[in-house]
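Asks: Okay, here's the prediction I keep looking at, along with the sequence it came from:
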Amino acid sequence: MGKNFDVVIIGGGILGTSISYFLSSLNKSKKVAVIEQAKNVAFHTSGRNTGKVHAPYLYNPEKKKLFANAAFHGFEMWEEYSKLHDLPFKKDGVIEVALDKKGIKVLEKYLKWGKQNGLEENDIELLDKAEMKKIEPEIKCEAALYVHRDGSADYSTYTKSLMQDSKENGTSFLLDSKVSEIKKENGKWKITLNKEDEIFASLVINAAGGEAVDIAHELGVGTKLTDVHFRGEYWRAPKQYNNLTKTSIYSVPEFPDYPFLDPHWIIRVDGSCEIGPNAVPVFSPYGYDKTENFKTFLPKMLEMIGSGARKAIFDKQFQELAMSEIQSSMSKSAMVDRVRRFLPKIDADKITEKGTAGIRSSVINDKGKFEPDVILLDEESSFHILNYNSPGATGALPFAAHIVNHLHNSGLFASETMDAHCGPWKFSEIVEKLENK
Ligand SMILES: Cc1cc2nc3c(=O)[nH]c(=O)nc-3n(C[C@H](O)[C@H](O)[C@H](O)COP(=O)(O)OP(=O)(O)OC[C@H]3O[C@@H](n4cnc5c(N)ncnc54)[C@H](O)[C@@H]3O)c2cc1C
């Protein structure tokens with residue numbers, strides 16, 4: 001093949017595609033490529049999530065500043081982008097419920113965090129039990145946080161649309177192409193695809209989702225970090241349940257220090273309802289089935305035992321949590337019971353169809369702790385985005401703009417202009433908004 005590119009982005013998820021969208025809008029004479037091993041973009045996590053455009057109330061502004069800021073701006077950006085391209089977007093809100101007195105304190109904290117992260121008085125309100133009963137009579141809870149500035153989307157469709165825009169700006173999308181090796185050769189990156197084709201790049205951007213840590217390690221970056229993969233499974237609810245609630249319902253997580261929540265009652269953008277996701281430990285970012293997990297079990301266990309993940313996986317609380325997640329994978333009623341705590345009307349026997357599972361890859365540091373925020377690592381001619389988890393889809397557009405701006409300011413990749421129009425926005429104005437908050 002033998003092709004030369006200025007920038008190669010590894011990963012055609014929502015993040016890699018959003019980065020290509022901005023880079024190609026600002027750099028009309030530069031050659032940008034996105035490499036994706038699957039047959040289409042958003043084939044993995046970006047197309048297998050809950051589809052919520054999350055308001056930033058769950059994120060501690062001190063520990064998850066970047067995620068919170070990106071989620072705040074992501075809401076209006078997706079609203080504008082979907083309007084421009086006539087894509088599905090609904091401002092349908094979300095309700096977070098407290099099931100006991102302890103949970104009410106957590107809701108009060110979320111209300112404070114939400115406002116610190118930019119939400120206004122009419123975006124978020126705390127409801128007592130009686131107020132909540134009037135709004136959602138089927139929901140059993142002690143109190144609730146009604147977040148009005150929250151929405152539902154279809155991130156797979158958004159990513160495909162961004163790919164189309166990027167292609168029109170000249171970006172090459174090399175699909176069905178797995179990066180099998182990366183090496184420096186004569187001052188450039190030689191990237192081998194599917195173990196045979198070769199392309200060359202001056203800068204590599206690693207936006208490889210569940211493989212981002214492995215690719216960073218291959219380039220000698222972030223070697224003290226490792227990752228653990230969790231499969232989030234869903235069950236589809238029958239049509240008769242479509243009007244049980246007006247809004248999606250989340251519950252205060254039992255273990256807030258772990259990087260996932262308890263299963264929710266979800267109303268998707270098309271109006272269908274689902275239960276999920278749980279978070280079952282698996283051994284690969286593609287561990288959707290037994291065959292893949294069996295194949296990857298031994299190497300992943302050895303990797304984890306030889307790294308900081310050892311402390312996490314031998315932690316008693318983590319083991320208990322993992323066991324309960326595994327149980328909710330093996331037994332449908334165990335999963336449904338977690339949602340019945342606040343929506344008692346649902347009956348596991350009526351729920352028969354599985355939804356599409358997605359996998360999150362959480363980064364663990366050498367002290368055995370889960371990293372709370374996204375990790376950005378600069379190297380001489382490569383840039384790595386690790387731990388890009390929820391609400392990563394919500395924040396993908398502003399976060400990608402932040403990265404492109406960072407590459408420009410750090411000298412890793414100086415864009416030709418910072419003033420170009422990208423869809424409904426002027427790039428410099430997006431950056432100004434991000435920097436001011
Ligand atoms: C169960 C679940 C529910 C979620 N719900 C929400 C939600 O409601 N709202 C929200 O905002 N966020 C949600 N998220 C988080 C969100 O989906 C992710 O943060 C986001 O999709 C990550 O995007 P990405 O582009 O970084 O990764 P990915 O979508 O994983 O993309 C990375 C891509 O890189 C490719 N790749 C990797 N290695 C190679 C290689 N060697 N060669 C070629 N290609 C490679 C992969 O094939 C993949 O397509 C959820 C996540 C999960 C798991």
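Replies: Okay, I see it.
Asks: The closest residue to residue 181 other than its chain neighbours - how many residues pack around it?
Replies: Closest residue to residue 181 apart from its sequence neighbours, by C-beta to C-beta, 6 or more residues apart in numbering: residue 192 at 4.1 Å. For every residue, glycine as well, the C-beta is placed using N, CA and C. Close neighbours of residue 192, defined as other C-beta atoms under 10 Å, add up to 16.
Asks: just residue 214 next, same as before
Replies: Residues lying near residue 214 (other C-beta under 10 Å) number 15.
Asks: Is it part of a helix or strand, or is it coil?
Replies: Counting by DSSP: H, G, I helix; E, B strand; the rest coil, the backbone at residue 214 sits in helix.
Asks: and it, how far is that from residue 231?
Replies: For residue 214, the distance to residue 231 equals 18 Å [C-beta to C-beta, to the nearest Å].
Asks: in a helix, that's where residue 311 is, yeah?
Replies: Yes. Under three-state DSSP, residue 311 falls within a helix.
Asks: quick one: pLDDT of it?
Replies: If you check residue 311, the pLDDT there is 84.
Asks: what does the stretch 151-300 of the chain have sitting close to the ligand?
Replies: Neighbours of the ligand within the stretch 151-300 of the chain, by C-beta under 6 Å from any ligand atom: 178-179, 207-211, 232, 277.
Asks: so where do the strands sit in the stretch 51-200 of the chain?
Replies: For the stretch 51-200 of the chain, strands defined by DSSP state E, counting those that start in this stretch occupy the ranges 52-53, 89-90, 94-98, 124-128, 143-147, 151-153, 172-174, 179-185, 188-193, 197-206.
Asks: Please identify the helix or strand for the residue nearest to the spatial centre of the chain.
Replies: Nearest to the mean C-alpha position of the chain, by C-alpha atoms, centre = their mean, lies residue 392 at 3.3 Å. When elements are assigned from DSSP states H and E, residue 392 belongs to no helix and no strand.
Asks: Next up, the contacts around it.
Replies: Residue 392 sits next to 14-15, 45, 67, 374, 399 when contact means C-beta atoms under 8 Å, 6 or more residues apart in numbering.
Asks: Can you give me the separation between the closest residue to residue 75 other than its chain neighbours and residue 123?
Replies: Spatial nearest neighbour of residue 75, chain neighbours left out: residue 53 (5.4 Å); criterion: C-beta to C-beta, 6+ apart. Distance from residue 53 to residue 123, counting by C-beta to C-beta: 13 Å.
Asks: more crowded one of those two?
Replies: Neighbour tally, residue 53 and residue 123, criterion other C-beta under 10 Å: the higher count belongs to residue 53, 28 against 18.
Asks: Give me the pLDDT for that one.
Replies: Reported pLDDT for residue 53: 98.
Asks: Could you pull up the residues touching it?
Replies: Contacts of residue 53 by C-beta under 8 Å, 6+ apart are 74-75, 78-79, 89, 150-153, 394.
Asks: can you pull out the helices in the stretch 101-250 of the chain?
Replies: Along the stretch 101-250 of the chain, the stretches classed as helices by DSSP state H, counting those that start in this stretch are 101-116, 129-135, 155-168, 212-218.
Asks: among those, which is nearest residue 261?
Replies: Residue 261 lies closest to helix 101-116 among these, at 11.9 Å (C-beta to C-beta).
Asks: Could I get the buried residue list for the closest one?
Replies: Buried residues in helix 101-116, defined by neighbour count with 16 or more other C-beta atoms under 10 Å: 103-104, 106-107, 110-111, 113-114.
Asks: Likewise for stretch 123-143?
Replies: Residues of stretch 123-143 classed as buried: 123-124, 126-127, 132, 136, 138-143 (neighbour count, 16+ other C-beta under 10 Å).
Asks: And that stretch, end to end?
Replies: 17 Å (C-alpha to C-alpha, to the nearest Å).
Asks: With stretch 337-356 instead?
Replies: Criterion C-alpha to C-alpha; first-to-last residue distance in stretch 337-356 is 20 Å.
Asks: Report the contact partners of the residue nearest to residue 391 when sequence neighbours are not counted.
Replies: Leaving aside its chain neighbours, residue 391 sits nearest to residue 54 (3.9 Å; criterion: C-beta to C-beta, 6+ apart). Contacts for residue 54 (C-beta under 8 Å, 6+ apart) come out as 71, 94, 150, 390-391, 394.
Asks: With respect to per-residue confidence, which of those residues is lowest?
Replies: Note: of the contacts of residue 54, the lowest pLDDT belongs to residue 390, at 90.
Asks: Mark which of the residues of the stretch 151-300 of the chain next to the ligand are buried, thanks.
Replies: So, by 16+ other C-beta under 10 Å, the buried ones in those are 179, 207-211, 232, 277.
Asks: Out of those residues, which comes closest to residue 360?
Replies: For these, the closest approach to residue 360 (C-beta to C-beta) belongs to residue 232, at 6.5 Å.
Asks: That closest one is in contact with residue 356, isn't it?
Replies: No. Residue 232 is beyond contact range of residue 356, at 9.8 Å (criterion: C-beta atoms under 8 Å).
Asks: For residue 30, give me phi and psi.
Replies: With angles defined as degrees, to the nearest 10, residue 30 sits at phi -100, psi 150.
Asks: Could you report the neighbour count for it?
Replies: Residue 30 has 18 neighbours, counted by other C-beta under 10 Å.
Asks: same thing with residue 303?
Replies: 17.
Asks: Would you check that it makes contact with residue 227?
Replies: No. Contact between residue 303 and residue 227 fails when scored by C-beta under 8 Å: they sit 9.2 Å apart.
Asks: Give me the common contacts of the two.
Replies: residue 309.
Asks: ok, residue 382 - contacts?
Replies: So residue 382 contacts 189, 203-206, 219, 221 (C-beta under 8 Å, 6+ apart).
Asks: Now for the chain: which helix has the highest residue count?
Replies: The longest helix of the chain (DSSP state H) is helix 65-85.
Asks: got the angle for that helix vs helix 155-168?
Replies: 80 degrees (axes from the mean of the first three to the mean of the last three C-alpha atoms, to 10 degrees).
Asks: which strands and helices sit next to helix 65-85?
Replies: When contacts are defined as 3 or more C-beta pairs under 8 Å, 6 or more residues apart in numbering; DSSP states H and E, helix 65-85 packs onto strand 52-53, strand 89-90, strand 151-153, helix 155-168, helix 396-410, helix 427-435.
Asks: ok, 10 Å please
Replies: When contacts are defined as 3 or more C-beta pairs under 10 Å, 6 or more residues apart in numbering; DSSP states H and E, helix 65-85 packs onto strand 52-53, strand 89-90, helix 101-116, strand 151-153, helix 155-168, helix 396-410, strand 425-426, helix 427-435.
Asks: Pull the residues that contact the lowest-mean-pLDDT helix or strand in the chain.
Replies: Least confident helix or strand of the chain, by mean pLDDT, DSSP states H and E, is helix 309-313 with a mean of 82. Residues from elsewhere that reach helix 309-313, judged by C-beta atoms under 10 Å, 6 or more residues apart in numbering: 225-228, 258, 281, 300-301, 303-305, 318-319, 322, 362-370.
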